[in-house]
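Asker: just coords:
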């Protein structure tokens, strides 16, 4: 357990930046206008990526009961789409975002909205200036544990995150979480698979996916799980859409990021779509209600 006590941070800033700091110009070519880089929420075959991403953001804001809230935290805020939606559409008084990416911080901080504050900071180091009314975290939880940790160490890291969220939230506060998780593939089997080596080695280094069981165990006594949905097919569709957009603009992408990066991302997006479609990986959206008295 001593290893996880010292390495509780999960993926390092350098590992995060290797993926997310490829270049904002690169991501702008194939993400939607909001720069949302996580699973969309689709309705119908004719739905657009832009509409599906806004629907996803609105879903999490609703699940966290964050509309009209005075103080909201976004852990892993990316390029700031949730922060902007909170303040411009949903009447949040103040929205704080945490990211480890330099380029995401610069992009999100470029807004002139004084209600938004973006910090390049790990949740491990975060000290709020006031209690939060709601917390949202989309696509960050995957980076909270490392492959070399045991299952028990990973669960302990997740529990520390939930404990921090419990401490930060006002009584009655809610947390809305979205994360990729292991699905039908055996957790131990994936450690030696070529696909796993590529995705969690070359694409997302120092990263280990959670299991639903680990999440449930980690939040026990701190939060009540109120809603849980597995939208893996929605992520298959999102990844397929991203790969099509990137392939269509391959020449421009190569010009800003290089041929090797573009080839790596196309492979990763196509492989991810297959894994979600086959159920090897899941996409969990979970709403948690803060319990008044935490249990150890």
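Answerer: That came through fine. Keep in mind it's a predicted model, so treat the numbers as computed, not measured.
Asker: now stretch 9-22: mean pLDDT?
Answerer: Across stretch 9-22, the average pLDDT comes to 89.
Asker: before we move on, what about stretch 228-245?
Answerer: On average, the pLDDT along stretch 228-245 is 98.
Asker: outside of it, which residues touch it?
Answerer: 29-31, 39-42, 49, 52, 180, 183, 266, 269-270, 272-274, 276-277, 279, 281-287 (CB atoms under 8 Å, 6 or more residues apart in numbering). Every C-beta, even on glycine, is put in place using the N, C-alpha and C of the backbone.
Asker: ok, the nearest residue to residue 79 once chain neighbours are set aside to residue 70 distance?
Answerer: Nearest residue to residue 79, sequence neighbours excluded (CB to CB, 6 or more residues apart in numbering): residue 35, at 3.6 Å. Here the criterion is CB to CB, to the nearest Å. By it, residue 35 lies 26 Å from residue 70.
Asker: now swap in residue 281 and tell me
Answerer: From residue 281 to residue 70 the distance is 36 Å (CB to CB).
Asker: neighbour count winner among the two?
Answerer: More neighbours surround residue 281 than the other of residue 281 and residue 70, with 22 against 14 (other CB atoms under 10 Å).
Asker: ok, what's across the strand from that one?
Answerer: With DSSP bridges as the criterion, residue 281 is bridged to residue 182.
Asker: doesn't residue 179 make contact with it?
Answerer: No - applying CB atoms under 8 Å, one finds residue 281 not in contact with residue 179, separated by 10.5 Å.
Asker: quick one: the strands in the stretch 151-296 of the chain?
Answerer: 169-182, 223-230, 281-290 (DSSP state E, counting those that start in this stretch).
Asker: Of those strands, which is nearest residue 145?
Answerer: Among the strands of the stretch 151-296 of the chain, the nearest to residue 145 by CB to CB is strand 169-182 (11.1 Å).
Asker: which non-adjacent residue is nearest residue 53?
Answerer: residue 36 is the one closest to residue 53 (CB to CB, 6+ apart), at 4.1 Å.
Asker: for this protein, which helix is longest?
Answerer: In the chain, taking DSSP state H as the definition, the longest helix is helix 259-278.
Asker: Can you report how many residues neighbour residue 210?
Answerer: For residue 210, using other CB under 10 Å, the count is 22.
Asker: okay but it is in contact with residue 157, surely?
Answerer: No - counting by CB under 8 Å, residue 210 does not reach residue 157; the two are 9.5 Å apart.
Asker: on that earlier part again, got the confidence number for the residue nearest to residue 53?
Answerer: pLDDT, residue 36: 97.
Asker: got a list of what it touches?
Answerer: Residues in contact with residue 36, defined by CB under 8 Å, 6+ apart, are 53, 56-57, 78-79, 81.
Asker: now swap in residue 80 and tell me
Answerer: Per CB under 8 Å, 6+ apart, neighbours of residue 80: 35, 97, 104, 107-109, 111, 116, 118.
Asker: One more pass at 6 Å, please.
Answerer: Residue 80 makes contact with residue 108 under the criterion CB atoms under 6 Å, 6 or more residues apart in numbering.
Asker: residue contacts, residue 26?
Answerer: Contact partners of residue 26, counting by CB under 6 Å, 6+ apart, are 253, 256-257.
Asker: low-confidence ranges in the stretch 101-250 of the chain?
Answerer: In the predicted model, the stretch 101-250 of the chain carries pLDDT under 70 at residues 185-194, 196.
Asker: Nearest the middle, which residue of this protein would you pick?
Answerer: Nearest to the mean C-alpha position of the chain, by CA atoms, centre = their mean, lies residue 139 at 1.0 Å.
Asker: The closest residue to that residue other than its chain neighbours: neighbour count?
Answerer: Distances taken as CB to CB, 6+ apart place residue 38 nearest to residue 139, at 4.0 Å, with adjacent residues excluded. Other residues near residue 38 number 21, with proximity taken as other CB under 10 Å.
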